[in-house]
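Chemist: Fold the following.
(chains A and B)
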There are 2 protein chains.
Amino acid sequence: MSGGFDFSAWAEARRARVEAALEAWVPADAAAGLGEAMRYAVLDGGKRLRPLLVLASAEALGANPEDDAALRAACAVELIHAYSLVHDDMPCMDNDVLRRGKPTVHVRYGEAGALLAGDALQALAFELLTPEASPGTPTQTPPEAVTPPRLAHAPATQARLCGLLARAAGHAGMAGGQAIDLASVGRTLDAATLRDMHRLKTGALLTASVLLGAAATGLASVTPAWQALSAFGEAVGLAFQIVDDVLDVTADAATLGKTAGKDAAANKPTFVTLLGLEGARAEAAQLHRHALDALSELQRACPQAQLSALAALADAMVRREY
Amino acid sequence: MSGGFDFSAWAEARRARVEAALEAWVPADAAAGLGEAMRYAVLDGGKRLRPLLVLASAEALGANPEDDAALRAACAVELIHAYSLVHDDMPCMDNDVLRRGKPTVHVRYGEAGALLAGDALQALAFELLTPEASPGTPTQTPPEAVTPPRLAHAPATQARLCGLLARAAGHAGMAGGQAIDLASVGRTLDAATLRDMHRLKTGALLTASVLLGAAATGLASVTPAWQALSAFGEAVGLAFQIVDDVLDVTADAATLGKTAGKDAAANKPTFVTLLGLEGARAEAAQLHRHALDALSELQRACPQAQLSALAALADAMVRREY
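Modeler: Just a heads-up that it's a prediction; the model follows:
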C-alpha cells in the first residue's frame, strides 16, 4: 500500500510545518512566565504522532498539505496531549521528573506553574480551532451564504472539530482513562479492563486525531469512510499503547527519553504483566493487521483516497523503538 | 431601569433551570469516581452569577428564557469557573480546605482526583457548547442551507461560543490572570497592575458571560450593542472583584462560606491594601455607574432591549454581602 512512498520525507515536512505553527501559536508573551512554561511543555519535543495522524488523514481524503483547518486541528490535539503530560507528571499523579530528556514542567516551573500551564494549553487548543474571524461573525448571516470561505474559517468545521476534541479529551475520553489508571494502581485488572482503560486514556485522542483530519475535509460521520477511519484509529491507538508497555520493559531511559520501568515500579498493570512479552507483541501485531484491514475498507469506500501516509504511520506506531 | 422587575423571582427561576441542566449534563457515570468528583465540584453550590449574566444578556436581546444555546453557554461558563476553583484550591496554589462551606475537592477526592476533575470539567464546557448533532454533520452541506435549525445546533453559534469561552479561560484571560496572581504574592503591585491582573483573572470570564449570552442570540461583535455589553461586563467584573476584596476584610467565614482574610494572610495585594477600605468602596461605586452607563448605551443601540435583569445583576454584584 505504501510502495514508493517516502514516509520519512513526508513526516519530516509535516513535522516542520507543525513545529513552525506551534512556535507561532503558543504565545511567548503570556503573563508572568505562563507563556514560557507553555512553550517549554510543547516546543522542540515529541514525535508529533497525533499531528501526523491528523495530517495523514486529511491528506488521504484530498486535503491540500497546506490546509489550515487540518493544521489547526493537528496543533490543537498536540496541545491537549502536551497538557495531559504536564499534569500527569505532577507529584500528585506520576511524580515524574524526566520527560523527553528534559526536566518535567513542574520541576522547571513549580507545581502551580505546571498546573496553570496545562490548564492554559487545554484552552489554547480550542482557541486554535476557532480562529478570530469567527467570533465576529453574526450567526443570522453566516458568511458561507455569501461567498465560500476558506475551510479553516467555516464555522461548521470549527464547531465539529471542537466537539470531537472536547469529547476525546474529557470524562468519556482521556481524562476518564486517567481516572481509571489512577484507581488501578496496585490492583489486579483483567485484560478487558486494561484495554478499556487504554481505549480512553490514549486511544481516544489517537482515534480523534484521525477523525479530526477527516472532519477538517468535511467528511460526514455517518459514512463508511468515517467508520473505517474510526476503526483504524482505535486499532493503532491500542497497538501503540501495547508497544508502549513492551518498551517500558525492554528499552532504557536514554532511548525512551523518560524514566524506564516506571509502570512496573509503580505496580501498575500493563499488557506485559497480563499477557507476557510475547503475548503483548502478538496482540500488537494483530491490531496492526486490523488497522490495515480498516484502510482497505476505507479504500473501497473512497477509491480516490491516498493511504500511504496512514499505512506508514500504522507501521511506525507498531515497529517503533521509543 | 428595573422598576417593577422582580429580580429575585427572575434569578430563582433561572438558577433552577441551570441547576437542572448541570444535574443532567455533568455525568454521574464517568469512570472510576471522576464523575462523582466533577459533580461534587459543580452541583449544589455557588451563586451561579456567571450563568445568570449569560441568561440576562441573552434575554435582554430577545432570547426565549428556554433558549438552548444560552442555557448551554450558561452551564459551560459555570464549568470553567468551577474547574478554576478546584485547581485554585489545590495545595500547590491557594491550599484552601473550605469552599462554599464544604471541604474542597482535593480534600474530599485527593489531589490527583481534583486535578483530573478540573481538567475534565474544562473539556466538558466545550462538549456542552457542541451538541452531538453537530459532529455528525458534513460541512459541505450545512443544515442551515436546508432548514433553519434550532439555534443551539447552529454550528456557527457553537463555534463562536467555543472561541469566546476558550479565549476568556486561557492564557490571555483567566489562566493568565492566575499566573500574574501567583507571581504577585509577597510583592508590591500598583493599582494599575492589580486592575490588569483582575481584568484577566476574574473579569475575562465575567465579561465573556455577558458576551456569550449575546452571541447565543446571534448579535454581531462589530455592533455598538456588543461594545456596550462588553463595557458593561468589564465594569461589573472589576467591581465584583473589588467588592470581593472588601468582603475578605469585613466579612467572616460563616458568611462567605470560605476562609476569610486569606488574601491578607497570604500577603497578597488587594484593592483594600492599595486603596484603603473607603477607596475600594468608592471605586466599586464608580464602576457600578459605568456599568449602568453602558446599559444606557445598549438601550440607545437596541431600543427593544429589556435591561432589567442586567441592571439588577449589576446592583447585586456591587451590593452583595457574600
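
Chemist: In space, what's closest to A:R199 - neighbours in sequence excluded?
Modeler: Spatial nearest neighbour of A:R199, excluding adjacent residues (CB to CB, 6 or more residues apart in numbering or on different chains): A:L238 at 6.4 Å. Where you see a C-beta, it was placed from the backbone N, CA and C, and this is true even at glycine.

Chemist: Name the residues that touch stretch A:231-243?
Modeler: Here stretch A:231-243 makes contact (CB atoms under 8 Å, 6 or more residues apart in numbering or on different chains) with A:49, A:53, A:195, A:198-199, A:201-211, A:271, A:280, A:283-284, A:287-288, A:290-291, A:294-295, A:297-298, A:310, A:313-314, A:317-318, A:320.

Chemist: Would you write a ChimeraX line that selects the buried entries of the residues you listed?
Modeler: Applying 16 or more other CB atoms under 10 Å in any protein chain shown to those, the buried members can be selected in ChimeraX as follows:
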select /A:49,53,195,198,199,201,202,203,204,205,206,207,208,209,210,211,271,280,283,284,287,288,290,291,294,295,297,298,310,313,314,317,318
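
Chemist: do you know how far A:A284 is from B:G46?
Modeler: Using CB to CB, to the nearest Å, A:A284 is found at 47 Å from B:G46.

Chemist: again, but for A:G118
Modeler: Distance, A:G118 to B:G46, by CB to CB: 24 Å.

Chemist: check contacts around the closest residue to A:R17 other than its chain neighbours.
Modeler: What sits nearest to A:R17 in space, not counting adjacent residues and going by CB to CB, 6+ apart, is A:L71, at 6.5 Å. The neighbours of A:L71, taking CB under 8 Å, 6+ apart as the test, are A:17-18, A:21, A:55.

Chemist: Shouldn't A:L71 be within a helix?
Modeler: Yes - counting by DSSP: H, G, I helix; E, B strand; the rest coil, A:L71 falls inside a helix.

Chemist: Can you check the pLDDT for the closest residue in space to A:G62 that isn't next to it in sequence?
Modeler: Of all residues not flanking A:G62 in the chain, A:T217 sits nearest, at 6.3 Å (CB to CB, 6+ apart). A:T217 carries a pLDDT score of 95 in this model.

Chemist: phi, psi of A:T217?
Modeler: Note on A:T217: backbone dihedrals following degrees, to the nearest 10 are phi -90, psi -10.

Chemist: Please look at A:L182 and B:G113 and confirm they touch.
Modeler: Yes - between A:L182 and B:G113 a contact is recorded at 7.3 Å, counting by CB atoms under 8 Å.

Chemist: pLDDT wise, what is A:T270 at?
Modeler: Predicted confidence (pLDDT) for A:T270: 88.

Chemist: Can you name the helix or strand that the closest residue to it other than its chain neighbours falls in?
Modeler: Leaving aside its chain neighbours, A:T270 sits nearest to A:D245 (4.0 Å; criterion: CB to CB, 6+ apart). Following DSSP states H and E, the helix or strand that holds A:D245 is helix A:224-250.

Chemist: I'd like to know the average pLDDT value across that helix.
Modeler: Mean per-residue pLDDT for helix A:224-250: 95.

Chemist: Surely A:L307 is in contact with A:E297?
Modeler: No - counting by CB under 8 Å, A:L307 sits too far from A:E297 to count as a contact (10.7 Å).

Chemist: Could you count how many residues lie near A:G186?
Modeler: 9 (other CB atoms under 10 Å in any protein chain shown).

Chemist: Check it and give its pLDDT.
Modeler: In this model, A:G186 carries a pLDDT of 77.

Chemist: A:A145 too?
Modeler: Reported pLDDT for A:A145: 41.

Chemist: where do the helices sit along the stretch 1-150 of chain A?
Modeler: In the stretch 1-150 of chain A, the helices defined using DSSP state H, counting those that start in this stretch lie at A:7-25, A:34-42, A:49-60, A:68-88, A:105-129.

Chemist: Put together a markdown table for these, with mean pLDDT on each row.
Modeler: As requested, those are arranged in a markdown table below (pLDDT from 0 to 100):
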| stretch | mean pLDDT |
| --- | --- |
| helix A:7-25 | 96 |
| helix A:34-42 | 97 |
| helix A:49-60 | 98 |
| helix A:68-88 | 97 |
| helix A:105-129 | 98 |
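
Chemist: would TSV of the ones you listed with distance to A:Q227 be doable?
Modeler: What follows is these, written out as TSV (distance: least, CB to CB, whole Å):
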stretch	distance to A:Q227
helix A:7-25	25
helix A:34-42	32
helix A:49-60	14
helix A:68-88	20
helix A:105-129	23
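
Chemist: Relative to B:C75, how far out is A:M174?
Modeler: Using CB to CB, A:M174 is found at 21 Å from B:C75.

Chemist: Surely A:L49 touches A:R320?
Modeler: No - A:L49 lies out of contact with A:R320 (CB under 8 Å); the separation is 9.1 Å.

Chemist: quick one, what contacts the residue lying closest to A:A37 once chain neighbours are set aside?
Modeler: Leaving aside its sequence neighbours, A:A37 sits nearest to A:A117 (CB to CB, 6+ apart; 3.9 Å). By CB under 8 Å, 6+ apart, the contact list for A:A117 reads A:34, A:37-38, A:40-41, A:83, A:86, A:105, A:109.

Chemist: Mind picking the one among those residues that's closest to chain B?
Modeler: Nearest to chain B out of these is A:L34 (CB to the nearest CB; 3.8 Å).

Chemist: Now that closest one: closest residue in space, sequence neighbours ignored.
Modeler: Distances taken as CB to CB, 6+ apart put B:A179 closest to A:L34, at 3.8 Å, once the chain neighbours are dropped.

Chemist: now A:L53
Modeler: A:S209 (3.9 Å).

Chemist: if we can go back for a sec, quick check, distance from the helix holding A:D245 to the centre of its chain.
Modeler: 11 Å (CA atoms, centre = their mean, to the nearest Å).
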